[in-house]
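Novice: Just the structure for this:
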Amino acid sequence: MDEYIELKKDDIKSIIEGFDDERKKIILNSLELASRAHSRQKRMSGEPYISHSIEVAKILKEMKMDAQTISAGLLHDVLEDTQFKVDDIKKISGENVAFLVEGVSNVTAKVFKKSGKIFGESLKKMFLAMANDIRVVIIKLADRLHNMRTIKYLPAEKQKIIAQETIDIYAPLAHRLGMERIKSELEDISFSVLYPEQYRFIADYINEKKGERQQKILDLKDKIHKELLKNNIEAEITGRPKHFYSIYLKMIKENKQIEDIYDLIALRIITQNIKDCYAALGIIHNMWKPIPNRIKDYIAMPKSNMYQSLHTTIIDNDGRPVEIQIRTKKMDDIAEEGIAAHWNYKEEKPFDKKTDSTFIWLRQLLEWQSNLKENEQFLKELKIDLFQEAVFVFTPKGEVKELVKGSTVLDFAYSVHSELGDHCIGAKVNGKWVTIKYELKNGDIVEILKSSTQHPTVDWLKIVKTVKAKNRIRHWLRTNQDIKENIKKGEQLLNEALDGYKLKIDNISDDLWNKTTQYYNVNSKEDILAGIGYGEFSAQRIANSFYRELVERKEIVKFKSTEELKKNEIVIDDNYSDIDYKIAKCCNPVPGDEIIGIYTKKGISIHRTECENIKLNKILTPFVKVNWGGEIQNYYLTKIKIIAENRSDITSDITRAIIDAKAYLNFLNTTEKKNDQLIIEIFVKIKNQQHLTEVIMLIKKINGVKEVERENI
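Specialist: A predicted model of the protein is given here:
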């Protein structure tokens with residue numbers, strides 16, 4: 001091990017560089033302890049385990065983190081993977097380092113498995129640790145980044161699980177903390193694991209156009225630099241291609257081929273001060289025509305993750321759009337490293353947890369997660385909070401409020417104060433009266449109207465979008481409504497949900513109730529019903545689980561997996577007839593659909609010809625001619641989207657129509673849209689296209705149904 005440390009002496013020198021002697025000693029002592037603790041361990045790559053510890057410390061040093069954080073980075077796996085204890089770390093590295101290591105160990109990835117229940121509980125622990133010291137999650141992200149950089153040494157299946165977890169949680173979390181450099185690298189590595197063919201295609205395209213792109217960047221930089229100097233503005237100008245995953249998302253979102261996406265590069269202008277940022281923006285708009293709806297001022301209105309910058313997209317002399325970002329050096333550091341840079345600029349002084357935006361967000365997370373018994377619900381709502389785009393609105397006094405896109409007047413009221421939300425009856429938005437359901441837009445000025453007689457109802461949970469509002473409504477219903485009233489309401493809602501399956505609460509056995517109470521970690525059937533009554537548990541979800549237990553398990557023989565199709569159900573081109581195949585889950589073709597095969601390393605994937613992924617794959621992989629065979633015996637899963645009036649029994653009517661059509665409901669989900677309408681997504685098992693048409697026609701006949709269409713899954 002000493003030999004390996006000697007080999008890494010240059011890395012170690014760079015890690016301790018810039019620190020005073022006292023802090024250097026803490027880091028070197030921590031390195032020595034980590035080296036002893038991991039002396040007999042190796043990574044999957046075959047390298048000594050200490051190599052990972054050193055790489056994590058290097059990442060933290062690149063973020064300009066303090067000596068305690070770097071020391072904790074060196075020791076982050078010691079408590080989890082070795083015989084050393086917290087007291088050993090305290091003796092060598094001090095109380096603060098031991099506290100950080102213990103915080104990281106409490107959220108170690110060993111419990112981050114496929115189960116949403118376990119994963120949700122682990123995330124709760126991580127946010128609790130974050131709220132105590134934000135450096136815990138900075139270490140965790142550095143740890144995850146190095147693990148992703150070395151992910152190729154893991155088995156393929158484990159790579160995919162970790163990559164999906166990273167793209168679902170860790171990359172959005174890095175974004176939420178403003179750590180854009182970390183977020184982009186996590187996304188791109190995950191993308192390469194989950195979608196290797198698409199990743200290679202985009203990488204090859206970007207590399208192929210590298211010379212042309214670099215010349216374009218040089219030309220633009222030269223022109224801008226000259227104009228800025230004429231106006232006595234000193235600035236550093238850089239250019240880069242957009243990250244591969246962001247390009248892929250743009251291709252999907254805009255349904256375009258890569259050659260049709262023009263703004264693949266972004267220029268960044270770093271000025272000396274804020275005044276020069278605005279001056280530079282004016283100069284650039286004099287040089288080229290800007291696209292009006294692409295001008296954004298995040299300096300005057302920073303994002304909640306502390307990001308500040310001016311954004312504009314101009315049309316260059318070739319008629320192509322180019323994105324330009326303008327900011328100061330401090331803003332650029334925070335844009336790249338986020339809260340890590342924020343920490344550095346505060347010179348290791350503790351954050352003010354009462355005013356710092358990140359701690360406000362963390363505190364809100366902890367408030368609502370503490371009241372959620374259902375860990376999978378925590379995971380779902382966390383993803384909403386991490387992923388959603390923002391909308392910025394104003395109080396009458398000019399205070400800016402950032403809410404998730406799609407937020408309503410009621411969300412705004414709860415963001416100001418929980419009691420204001422509880423008594424909200426509507427609002428004046430830009431001087432006009434609107435209801436609590438009104439969806440807010442950027443720039444709206446909102447004045448909440450209230451009444452002492454107004455109180456939350458279960459239906460309010462369908463109106464609000466933000467986690468904070470949902471949690472407060474649930475809390476009010478739980479603490480202010482009589483328990484018997486909640487149980488009665490829960491019985492009503494569950495019976496309505498079960499009615500769609502032609503079931504009643506009386507059909508549910510004690511054994512099934514016991515399984516359900518164990519899953520939701522409550523004591524009795526009455527606790528479940530009360531939870532439904534005040535909105536903590538979903539009646540539809542519980543009804544779905546009862547239905548699957550009582551009916552689908554008995555019918556399971558009818559549903560052979562579409563991944564195990566009989567060979568006579570699909571006829572494949574003779575050149576590929578001996579290769580395995582499966583139905584693509586993205587579009588789920590059914591007999592009667594026009595289909596096509598795509599050759600992959602795992603075999604032939606059968607798609608509908610109009611599948612969006614076919615368009616993306618046209619130039620990536622070869623097509624294979626396929627047809628439906630004569631003997632179709634399987635049931636096939638497909639997705640249907642319904643827009644309908646918002647009435648309490650609409651889902652029951654839809655479920656009854658599916659049963660009448662002799663199809664099988666696999667899953668149902670509802671969300672509310674504008675004008676008091678519901679978007680209902682259902683997954684149905686049917687025999688063929690004709691059977692699907694029958695199901696759709698029966699649903700269309702239901703009173704209140706506006707639109708019905710088949711969708712890709």
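Novice: ok, the residue lying farthest from the centre of the chain - contacts?
Specialist: For the chain, the C-alpha lying farthest from the average C-alpha position belongs to Lys230; by CA atoms, centre = their mean, that distance is 44.7 Å. If a contact means CB atoms under 8 Å, 6 or more residues apart in numbering, then Lys230 has no contacts. The C-beta positions use only the backbone N, C-alpha and C, and glycine is treated the same way.
Novice: go on, the one 4 residues further on?
Specialist: Taking CB under 8 Å, 6+ apart, we find Glu234 in contact with Leu228, Thr271, Gln272, Asp276.
Novice: do the same with Ile436
Specialist: With contact set as CB under 8 Å, 6+ apart, Ile436 has these partners: Thr408, Val409, Leu410, Ala413, Cys424, Ile425, Gly426, Ala427, Trp460, Ile463.
Novice: Just those residues: which are in helices?
Specialist: Under the assignment DSSP state H, those contribute Val409, Leu410, Ala413, Trp460, Ile463 to helices.
Novice: which of these tops the neighbour count?
Specialist: Neighbours here mean other CB atoms under 10 Å. Within these, the largest count is held by Val409, at 29 neighbours.
Novice: And the nearest residue to Val136 once chain neighbours are set aside, its phi and psi?
Specialist: Counting by CB to CB, 6 or more residues apart in numbering, the nearest residue to Val136 once its immediate chain neighbours are dropped is Gly103, at 3.9 Å. Recorded main-chain torsions at Gly103 are phi -60, psi -40, according to degrees, to the nearest 10.
Novice: Of the contacts of Ile436, which is the nearest to Phe19?
Specialist: Closest approach to Phe19 among the contacts of Ile436 (CB to CB): Ala413, at 48.7 Å.
Novice: show me what contacts that closest one?
Specialist: In this structure, Ala413 makes contact with Leu420, Gly421, Cys424, Ala427, Ile436, Ile448, Lys450, judged by CB under 8 Å, 6+ apart.
Novice: which ones are touching the first one?
Specialist: By CB under 8 Å, 6+ apart, the contact set of Leu420 is Ala413, Tyr414, Ile448, Lys450.
Novice: doesn't Ile284 fall inside a helix?
Specialist: Yes - with DSSP: H, G, I helix; E, B strand; the rest coil as the criterion, Ile284 is located in a helix.
Novice: how many neighbours does it have?
Specialist: Taking other CB under 10 Å as the neighbour definition, Ile284 ends up with a count of 23.
Novice: Model confidence for the closest residue to Ile654 other than its chain neighbours, exactly?
Specialist: On the basis of CB to CB, 6+ apart, the spatially nearest residue to Ile654 that is not a chain neighbour turns out to be Ile699, at 5.9 Å. Among the per-residue scores, Ile699 holds a pLDDT of 92.
Novice: Can you say which helix or strand has the nearest residue to Asn96 once chain neighbours are set aside in it?
Specialist: Excluding its sequence neighbours, the residue lying closest to Asn96 (CB to CB, 6+ apart) is Gln68, at 5.0 Å. The secondary structure element spanning Gln68 is helix 67-75 (assigned by DSSP states H and E).
Novice: Widest-spaced pair of the contacts of Ile436?
Specialist: Within the contacts of Ile436, Ala427 and Trp460 form the most distant pair, 14.7 Å apart (CB to CB).
Novice: Can you name the residues that contact Gln481?
Specialist: Listed by CB under 8 Å, 6+ apart, the contact partners of Gln481 are Lys489, Gly533, Tyr534.
Novice: so how far is Cys424 from it?
Specialist: 18 Å (CB to CB, to the nearest Å).
Novice: returning to what we had before: looking at the contacts of Ala413, which is nearest Asn588?
Specialist: Closest approach between the contacts of Ala413 and Asn588, by CB to CB: Ile436, at 38.2 Å.
Novice: Surely the closest one forms part of a strand?
Specialist: No - with three-state DSSP as the criterion, Ile436 is coil rather than part of a strand.
Novice: sorry, back to before: what about the residue nearest to Ile654, how many residues close to it?
Specialist: A total of 21 residues lie near Ile699 under the criterion other CB under 10 Å.
Novice: Relative to Asn646, how far out is Lys61?
Specialist: Lys61 sits 54 Å away from Asn646 when distances are taken as CB to CB.
Novice: which of these two has more neighbours?
Specialist: The neighbour comparison of Lys61 against Asn646 (other CB under 10 Å) goes to Lys61, with 22 against 16.
Novice: quick one: the helices in the stretch 1-150 of the chain?
Specialist: Assignment of helices within the stretch 1-150 of the chain using DSSP state H, counting those that start in this stretch yields the ranges 2-7, 9-16, 21-37, 50-62, 67-75, 78-81, 86-93, 95-105, 116-132, 135-149.
Novice: give the contact list for Leu28.
Specialist: Applying CB under 8 Å, 6+ apart, we find Leu28 in contact with Ile12, Ile16.
Novice: try it again with 6 Å
Specialist: Contacts of Leu28 were listed using CB atoms under 6 Å, 6 or more residues apart in numbering, and none were found.
Novice: try the one 5 residues further on
Specialist: When contacts are counted by CB under 6 Å, 6+ apart, Leu33 is found next to Ile92.
Novice: before we move on, what about the one 5 residues further on?
Specialist: If you count contacts by CB under 6 Å, 6+ apart, His38 has them with Tyr49, Ile50.
Novice: give me that answer again for 7 Å
Specialist: His38 makes contact with Tyr49, Ile50, Ser53, Thr82 under the criterion CB atoms under 7 Å, 6 or more residues apart in numbering.
Novice: Touching, Ala34 and Leu79? I think so.
Specialist: No - shown here, Ala34 and Leu79 do not form a contact pair, counting by CB atoms under 7 Å, at 11.3 Å.
Novice: Which one's more surrounded, the two?
Specialist: The residue with the greater number of neighbours, taking Ala34 and Leu79 and applying other CB under 10 Å, is Ala34; the counts read 30 against 21.
Novice: how close does that one sit to Pro48?
Specialist: Summarising the geometry, the distance separating Ala34 from Pro48, computed by CB to CB, is 11 Å.
Novice: and if you look at Phe191?
Specialist: The gap separating Phe191 from Pro48 is 30 Å, by CB to CB.
Novice: So which residues make contact with stretch 205-217?
Specialist: Stretch 205-217 has contacts (CB under 7 Å, 6+ apart) with Gly239, Pro241, Ile258, Ile265.
Novice: Need the phi and psi values for the residue nearest to Ile642 when sequence neighbours are not counted.
Specialist: By the measure of CB to CB, 6+ apart, the closest residue to Ile642 outside its immediate chain neighbours is Ile680, 4.2 Å from it. For Ile680, the backbone dihedrals (degrees, to the nearest 10) come out as phi -120, psi 120.
Novice: now the helices: where do they sit in the stretch 351-500 of the chain?
Specialist: If you assign secondary structure with DSSP H, counting those that start in this stretch, the helices in the stretch 351-500 of the chain sit at 357-369, 375-387, 409-416, 418-422, 460-463, 467-480, 483-499.
Novice: ok so, going back, quick one: which of the contacts of Ala413 is most hemmed in?
Specialist: Comparing the contacts of Ala413 by number of neighbours (other CB under 10 Å), Gly421 comes first, having 27 neighbours.
Novice: That residue is in contact with His475, isn't it?
Specialist: No - in this structure Gly421 lies outside contact range of His475 using CB under 7 Å: 10.9 Å.
Novice: Between the contacts of Leu420, which sits nearest Lys515?
Specialist: For the contacts of Leu420, the nearest to Lys515 is Tyr414 (34.6 Å; CB to CB).
Novice: got the contact list for that closest one?
Specialist: Taking CB under 7 Å, 6+ apart, we find Tyr414 in contact with Gly421, Thr466, Lys468, Ala469, Arg472.
Novice: Let's see that with 6 Å instead.
Specialist: With contacts defined as CB under 6 Å, 6+ apart, Tyr414 is in contact with Gly421, Lys468, Ala469, Arg472.
Novice: Narrow those residues to just the buried residues.
Specialist: For the contacts of Tyr414, a burial check counting by 16 or more other CB atoms under 10 Å picks out Gly421, Lys468, Ala469, Arg472.
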